[in-house]
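A.B. asks: compute the structure for the input listed below.
(2 chains, ligands or ions: 3)
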Amino acid sequence: MLNAIGLQNVGVEAFLAEKLPRLRALGATVIANVWGDTEEEYVAVVEALQDAEGLAAIELNISCPNVEKGGMLFGNSPTATASLVSRVRAATRSTLIVKLSPNAPDLVESARAARDTGADVLSLVNTFVGMAIDPVTARPRLSFGTGGLSGPAIKPLAVRMVFQVARALPDVPLMGIGGISVLSDVLEFLAAGASAVQIGTANFRDPGVSGRLVKELAVYCADRGTAVSSLVGRAQRIGTGGEAGAEG
Amino acid sequence: MRADHQAVLLRRRVFSPGFFSVTFRAPTLAREIAPGQFVMLEVAGRLRPYLRRAYSVADAVPDAGEAEFLVRRIGPGTAALEDLAEGSEAALLGPLGNGFSLAGLPPRARVAVVAGGIGAAPFPLLFRALTAAEIPADLYLGGRNAAELVFRSRFAEIVPGETFLSTDDGSLGEKGFVTDAFARRADGGRGPFYARVFACGPMPMFAALARVVQRLDCPSEFSTEAAMGCGFGACLGCVIPATEKPFVISCMEGPILPPGKIAWEKI
Ligand SMILES: Cc1cc2nc3c(=O)[nH]c(=O)nc-3n(C[C@H](O)[C@H](O)[C@H](O)COP(=O)(O)OP(=O)(O)OC[C@H]3O[C@@H](n4cnc5c(N)ncnc54)[C@H](O)[C@@H]3O)c2cc1C
Ligand SMILES: Cc1cc2nc3c(=O)[nH]c(=O)nc-3n(C[C@H](O)[C@H](O)[C@H](O)COP(=O)(O)O)c2cc1C
Ligand code: FES
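C.D. replies: Ligands and ions are numbered 1, 2, ... in the order given. Presented below is the predicted three-dimensional model:
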């Protein structure tokens, strides 16, 4: 899926007044995904969430343009990431997840910057910048020209990135994201080094997918008499037969 | 109640190459669907297209447990339906969306249905409801050329009123836009001739029709088409610029919308 939908969130007040109570009533574990145009906006939202009951964690979406720095994405430079994460860390006691952008020039450096400035967990990855062009009219299919690419097309890229970050920062819990649709995708991310996964695009195709994969994973583990935790990082222990990052 | 109905394809009727109807066995859906509502359809076992496609339920026969769709092939999703073998399965997530409203029509009211091309799709079921409610209705069916009017035979015996055909090139019916054919008859001198207008078609048709119904002060319901990623309010890919707020989420607040709610100049 290539989208230019943008961030159309309802805003933190409406989230606290309407969405959070509804989600809690459903018995869901809720993680709030936060973005801003400036560091101050991130801090303000995180402070507003600080005393909310029933929030398991806060996740920072750092794939957003910093309007004070000429629109450069917070996630695209380790310095900008470090500056943002340290300010947010100072503003909250909540479990802090930092969601990395795959478009960062050096993902491991960005991961390290987020960890060093206070991230408890890293989630990866957000969408890749992509483009589609109508072959006949030569016009970009999206009105913005480019958009965020997600779904099965990005899974091998995302798995590689989880593998790399897990290898470089073995003590940081990771959440793997990118193209997960079926149980084998979940197992792949776990093997690469993720302790948990998130599902995005596949929910649009099948709103029941997350619940089903949780059940399928439980059955998979029960059948083998194993725990999910022992599936985490198996590929790290086996190794690659070469260095991650090798091409060709 | 919304559910993901596993439905078996009973038959396909080809009207012309690329224009066809598919009828599924889907008893619960057939019972629950209201005119103008849609489903998000996935052909079982297909990863392309990855996202489901939206289809209005064209007709539903609860006694037979059947739901029918009218389709025009334009890409991988519609092609998958064209190729689907009878007896094979598809998943139909629905009913989705709000549907047309027949409530509050004055006694002896006459209504109009304006359809452009594949915009004919939602109307057999609406005509069924209008007939049951004894509300007379005229059909204005338009397209670029005769080939785009192939679904007219589907309407042959079900319109509780008159049918007016028009084509841009004059190859069938009146020559000109369907909105002009409608405008000529809809102006009842003192007030609108029709108590309500139901419409579905491409954006340029909607934009022209919005001007006509506004001039005639004729209450209208447009079945809008936006690119839909999910159909149930999760992706926000289907938003349409609106007048009373920035956007409407067309899969949830629509797809049937009064033209006054849409900010036409922003589309
Ligand atoms: C609520 C709702 C109800 C709908 N009901 C029906 C229905 O009953 N029957 C039906 O056939 N369709 C219906 N549609 C439209 C259908 O869902 C889309 O056209 C869908 O994108 C088709 O999927 P595809 O994979 O075949 O084509 P896609 O790959 O999605 O599109 C193929 C190409 O065609 C282009 N394209 C998209 N729309 C049009 C168009 N209208 N004319 C020409 N080119 C176009 C796209 O830009 C793309 O390049 C409905 C849409 C909505 C939102
Ligand atoms: C329509 C859409 C909306 C998204 N909105 C957000 C968002 O608000 N915040 C965020 O951090 N990521 C957002 N994402 C990114 C996803 O959470 C996810 O990181 C990415 O799509 C890759 O996972 P997937 O292949 O499972 O979708 C969005 C993705 C899509 C397709
Ligand atoms: S289609 Fe996803 S929100 Fe409307």
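
A.B. asks: from here on, contacts and neighbour counts on C-alpha atoms
C.D. replies: Noted.

A.B. asks: run through the residues of chain A sitting next to chain B.
C.D. replies: For chain A, the residues in contact with chain B (CA under 8 Å from any CA of the partner chain) are A:M1, A:N3, A:I5, A:Q8, A:N203, A:F204, A:R205.

A.B. asks: closest to B:V248 out of the residues you listed?
C.D. replies: A:Q8 (11.7 Å; CA to CA).

A.B. asks: chain neighbours aside, what residue packs nearest to the closest one?
C.D. replies: In this structure, A:Q8 finds its nearest non-sequential neighbour in B:L236, 7.5 Å apart by CA to CA, 6 or more residues apart in numbering or on different chains.

A.B. asks: also B:E68?
C.D. replies: The nearest residue in space to B:E68 (CA to CA, 6+ apart) is B:T23, at 4.2 Å.

A.B. asks: hang on, isn't the one you found packed against B:A30?
C.D. replies: No: contact criterion CA atoms under 8 Å: B:T23 and B:A30 do not qualify, at 10.8 Å.

A.B. asks: where are the low-confidence patches of the stretch 1-150 of chain B?
C.D. replies: Scanning the stretch 1-150 of chain B for pLDDT under 70 picks out nothing.

A.B. asks: does any part of the longest strand seen in chain B sit near ligand 1?
C.D. replies: Using DSSP state E, we find that the single longest strand of chain B is strand B:3-16. No: Strand B:3-16 stays clear of ligand 1 (CA under 6 Å from any ligand atom), getting no nearer than 12.9 Å.

A.B. asks: about what we covered before: tally up the residues packed near the residue nearest to A:Q8, please.
C.D. replies: B:L236 sits with 24 neighbouring residues when counted by other CA atoms under 10 Å in any protein chain shown.

A.B. asks: what's the distance between the closest residue to ligand 2 within the stretch 151-267 of chain B and ligand 3?
C.D. replies: Relative to ligand 2, the nearest point of the stretch 151-267 of chain B is B:C235 (4.6 Å; CA to the nearest ligand atom). Distance of B:C235 to ligand 3, computed by CA to the nearest ligand atom, to the nearest Å: 4 Å.

A.B. asks: what sits opposite B:V8 in the beta ladder?
C.D. replies: B:R25, B:E89 (DSSP bridges).

A.B. asks: which residues touch it?
C.D. replies: B:F24, B:R25, B:A26, B:E86, B:G87, B:S88, B:E89, B:A90 (CA atoms under 8 Å, 6 or more residues apart in numbering or on different chains).

A.B. asks: in what helix or strand does the residue nearest to A:Q8 lie?
C.D. replies: Using DSSP states H and E, no element contains B:L236; it sits outside every helix and strand.

A.B. asks: ok, back up a step: pipe the residues of chain A next to chain B into a markdown table and attach neighbour count per row.
C.D. replies: Formatted as a markdown table, the residues of chain A next to chain B follow (neighbours: other CA atoms under 10 Å in any protein chain shown):
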| residue | neighbour count |
| --- | --- |
| A:M1 | 20 |
| A:N3 | 21 |
| A:I5 | 15 |
| A:Q8 | 10 |
| A:N203 | 18 |
| A:F204 | 22 |
| A:R205 | 22 |
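
A.B. asks: of these, which is the nearest to ligand 3?
C.D. replies: Distances from ligand 3 to the residues of chain A next to chain B, taken by CA to the nearest ligand atom, are shortest for A:F204, at 7.0 Å.

A.B. asks: hey, C-alpha coordinates of whatever helix or strand A:S184 lives in in PDB?
C.D. replies: Taking DSSP H and E as the definition, A:S184 sits inside helix A:183-192. C-alpha atoms of helix A:183-192 as PDB (Å, rounded to 0.1, in the frame of the first residue of the first chain):
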ATOM      1  CA  LEU A 183       1.800 -16.300  11.200                       C
ATOM      2  CA  SER A 184       5.100 -17.000   9.300                       C
ATOM      3  CA  ASP A 185       5.700 -13.300   9.000                       C
ATOM      4  CA  VAL A 186       5.400 -13.000  12.800                       C
ATOM      5  CA  LEU A 187       7.800 -15.900  13.300                       C
ATOM      6  CA  GLU A 188      10.200 -14.300  10.900                       C
ATOM      7  CA  PHE A 189      10.300 -11.000  12.900                       C
ATOM      8  CA  LEU A 190      10.700 -12.800  16.200                       C
ATOM      9  CA  ALA A 191      13.500 -14.800  14.800                       C
ATOM     10  CA  ALA A 192      15.200 -11.600  13.600                       C
END
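
A.B. asks: can you pull out the helices in the stretch 151-267 of chain B?
C.D. replies: B:178-186, B:203-216, B:250-253 (DSSP state H, counting those that start in this stretch).

A.B. asks: quick one, grab the pLDDT at the residue in chain A that ligand 1 sits nearest to.
C.D. replies: Per CA to the nearest ligand atom, A:D134 is where chain A lies closest to ligand 1, at 6.8 Å. Note for A:D134: predicted pLDDT of 94.

A.B. asks: ok, the one 4 residues further on next?
C.D. replies: Per-residue confidence at A:A138 stands at 96 (pLDDT).

A.B. asks: domain map for chain A?
C.D. replies: A:1-146, A:150-166+A:177-248 (automatic domain parsing).

A.B. asks: at contact distance from ligand 2, anything in the longest one?
C.D. replies: Just to be clear, that refers to domain A:1-146. Yes: judged by CA under 6 Å from any ligand atom, domain A:1-146 comes into contact with ligand 2 at A:L7, A:N33, A:N61, A:V125, A:N126, A:T127.

A.B. asks: and those residues, which is closest to ligand 3?
C.D. replies: A:L7 (12.5 Å).

A.B. asks: number of nearby residues for that closest one?
C.D. replies: Based on other CA under 10 Å, the number of other residues close to A:L7 is 10.

A.B. asks: shouldn't it be within a strand?
C.D. replies: No: per DSSP: H, G, I helix; E, B strand; the rest coil, A:L7 lies outside any strand segment and is coil.

A.B. asks: next, it: phi, psi?
C.D. replies: Note on A:L7: its backbone torsions stand at phi -100, psi 100 [degrees, to the nearest 10].

A.B. asks: list the contacts for B:R108?
C.D. replies: B:I135, B:P136.

A.B. asks: quick one: it from B:T78, how far?
C.D. replies: Going from B:R108 to B:T78 by CA to CA, to the nearest Å gives 40 Å.

A.B. asks: A:V209 too?
C.D. replies: 23 Å.

A.B. asks: so how many other residues sit close to B:F232?
C.D. replies: 21.

A.B. asks: partners of the helix or strand bottoming out on mean pLDDT in chain A in the sheet?
C.D. replies: Within chain A, no helix or strand scores below strand A:65-66, which has a mean of 76 by mean pLDDT, DSSP states H and E. According to DSSP bridges, strand A:65-66 forms sheet pairs with strand A:72-73 (antiparallel).
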